[in-house]
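In: with the input below, show me the fold.
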Amino acid sequence: MPRTLPLKASDFYDTHPGPDHRTGDLWSQLPAFGINGRDEVTGLVITPACDLANQKCEAITYLPVIPLREYLGSASFRHECWIEASHVLAKSDVFQAVTVPDRFKLPDRQEVEDVISNLAAASPRKATETELKRARAYLEYLNCRESPAPAELVEALIKADRYGQYVDRIVTNALKADIHFLPADGQPSQASAIPEHGVVLFRRPITIDLEILDVAQESTAAQWARLIKEKAHPLRVSPHIKRWPIKLSTLRGEFLGDLLSRYVSMYIRLGSTDFSRTTIDGIVADMRTK
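Out: Numbers count the residues shown, from 1 in each chain. Now for the predicted structure:
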């Protein structure tokens with residue numbers, strides 16, 4: 001039976017994209033509109049190929065691609081960090097005093113600090129030194145309210161084996177339905193669309209006028225400011241475009257197809273309102289008494 005060759009990052013990308021607009025194009029320096037405090041982001045074009053080829057659209061849609069390390073420190077990963085910290089905090093007698101945060105929020109820092117102090121002073125000890133170290137790392141993590149936390153800090157607050165499991169599930173697209181992993185492309189920094197392992201954010205689609213990207217294709221860094229004023233309609237030149245957008249690569253066939261199928265699946269489902277926790281607990285109680 002023939003052996004399958006190991007998958008390489010170079011298999012994912014066409015690093016010499018042509019001038020035509022294509023689904024899967026990766027552009028650097030596109031507007032980020034404040035995602036994780038960013039002005040710019042790498043964008044993956046998801047506008048259908050037929051619309052691009054037949055000039056049926058005046059704007060393209062792109063999905064932001066951010067470094068995986070940045071994602072782990074962002075608000076999108078706060079719930080997982082809370083779950084990890086709560087495994088330690090729950091050992092305290094005063095844990096019930098902590099208000100459980102909403103999924104993308106942080107708990108009250110003072111409440112967490114009080115629980116950690118209680119754990120540290122408990123006799124006999126209810127938490128090991130390693131666990132207290134993780135809890136204190138979470139307390140430091142709570143200081144990062146306005147910007148993504150350093151990835152090293154996130155790693156410090158999660159139990160070592162579970163941290164590896166989280167990354168494993170992200171890489172295999174098994175953790176969440178609203179992100180998609182892309183490996184680093186291995187290109188020199190100035191020519192790299194994905195300089196480090198990253199994730200595509202499905203819930204953050206952005207549009208930009210195609211005319212702007214047409215001008216970008218004709219420009220150099222030195223010509224950009226002049227040509228965008230001369231050739232683009234003034235109302236289409238967003239003040240959020242700070243620098244010359246550059247198309248650096250294109251995501252290839254099967255990898256693009258997999259990403260798009262996951263993206264569409266996330267939005268096409270109808271879904272229904274979930275039972276409240278009280279209702280679920282009532283059903284469980286009913287089953288236990290019958």
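In: would you verify that residue 180 is located in a helix?
Out: No: according to DSSP: H, G, I helix; E, B strand; the rest coil, residue 180 belongs to no helix; its state is strand.
In: and the closest residue to it other than its chain neighbours, how many neighbours does it have?
Out: Ranked by Cβ to Cβ, 6 or more residues apart in numbering and with sequence neighbours excluded, the top spatial neighbour of residue 180 is residue 200, at 4.3 Å. For glycine as for every other residue, the C-beta is placed from the backbone atoms N, C-alpha and C. Applying other Cβ atoms under 10 Å, we find 24 residues neighbouring residue 200.
In: wait, isn't residue 200 in contact with residue 64?
Out: Yes: judged on Cβ atoms under 8 Å, residue 200 makes contact with residue 64 at a distance of 7.4 Å.
In: make sure the residue nearest to residue 180 is indeed in a strand.
Out: Yes: counting by three-state DSSP, residue 200 is part of a strand.
In: tell me the bridge partners for it.
Out: Here residue 200 sits in beta bridges with residue 65, residue 180, going by DSSP bridges.
In: please tell me how far it sits from residue 27.
Out: To residue 27, residue 200 is 13 Å away according to Cβ to Cβ, to the nearest Å.
In: pLDDT below threshold where in the stretch 1-150 of the chain?
Out: Counting by pLDDT under 70, the low-confidence segments of the stretch 1-150 of the chain come to 1-6.
In: and the strands in it, which stretches?
Out: 13-14, 25-31, 40-45, 59-67 (DSSP state E, counting those that start in this stretch).
In: can you name every helix or strand that the shortest one contacts?
Out: Here strand 13-14 touches strand 246-251, going by 3 or more Cβ pairs under 8 Å, 6 or more residues apart in numbering; DSSP states H and E.
In: run me through the strand neighbours of the strand it packs on, direction for each.
Out: strand 13-14 (antiparallel), strand 25-31 (antiparallel).
In: what inclination does that strand have with respect to strand 40-45?
Out: Taking axes from the mean of the first three to the mean of the last three Cα atoms, to 10 degrees, one finds that strand 246-251 is oriented at 40 degrees with respect to strand 40-45.
In: ok, then the element right after strand 246-251?
Out: Downstream of strand 246-251, the next assigned helix or strand under DSSP states H and E is helix 253-268.
In: immediately after that following helix, which helix or strand?
Out: Following helix 253-268 in sequence, per DSSP H and E, is helix 277-288.
In: show me the contacts for residue 128.
Out: Residue 128 is in contact with no residue at all, counting by Cβ atoms under 8 Å, 6 or more residues apart in numbering.
In: okay, the nearest residue to residue 107 once chain neighbours are set aside and residue 113: tell me how far apart.
Out: Of all residues not flanking residue 107 in the chain, residue 101 sits nearest, at 4.5 Å (Cβ to Cβ, 6+ apart). Applying Cβ to Cβ, the value for residue 101 to residue 113 is 15 Å.
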